[in-house]
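S.K.: Please work out how this folds:
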Amino acid sequence: MQLARVIGTVVSTVKNELLQTRKLLVIQPLDAKLNQAGKPLVAIDSVGAGAGEVVFWCRGKEAAFPFEPVDVPTDCTIVGIVDSVNRV
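M.R.: Numbers count the residues shown, from 1 in each chain. I've put the predicted structure just below:
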């Protein structure tokens, strides 16, 4: 899992039927110091995240796990909302 900040939403009127009720968000990956790291991504929200929140997300086949038993076609999913980050 990795950290990211929600920076926007995606509206799509035509999409796979398994995505019809899913919220799509634009996320900006972050490094350990919460600085931007890499290009923004589109992710399916599985936890109710909103603009500006720091979230953790995963990619690959594990990205579909939060939606089981439905096989949602995703490779990037927000799986949690971060309350705080304590760096040592």
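S.K.: From V47, how far out is L25?
M.R.: Remark: distance between L25 and V47 (C-beta to C-beta, to the nearest Å) = 10 Å. C-beta coordinates here come from the backbone N, C-alpha and C atoms, glycine included.
S.K.: and the two? which has more neighbours close in?
M.R.: L25 (23 against 15; other C-beta atoms under 10 Å).
S.K.: Give the buried residues for stretch 58-73.
M.R.: Of the residues in stretch 58-73, those with enough neighbours to count as buried (16 or more other C-beta atoms under 10 Å) are C58, A63, A64, P66, F67, V72.
S.K.: Quick check: mean pLDDT of that stretch?
M.R.: What stretch 58-73 shows for mean pLDDT is 92.
S.K.: follow-up on the earlier one: go through the buried residues of stretch 58-73 and say which is closest to V88.
M.R.: Within those, proximity to V88 (C-beta to C-beta) peaks at C58, which comes in at 23.7 Å.
S.K.: check contacts around that closest one.
M.R.: Contacts for C58 were tallied using C-beta atoms under 8 Å, 6 or more residues apart in numbering; they are M1, Q2, C76, T77, V79.
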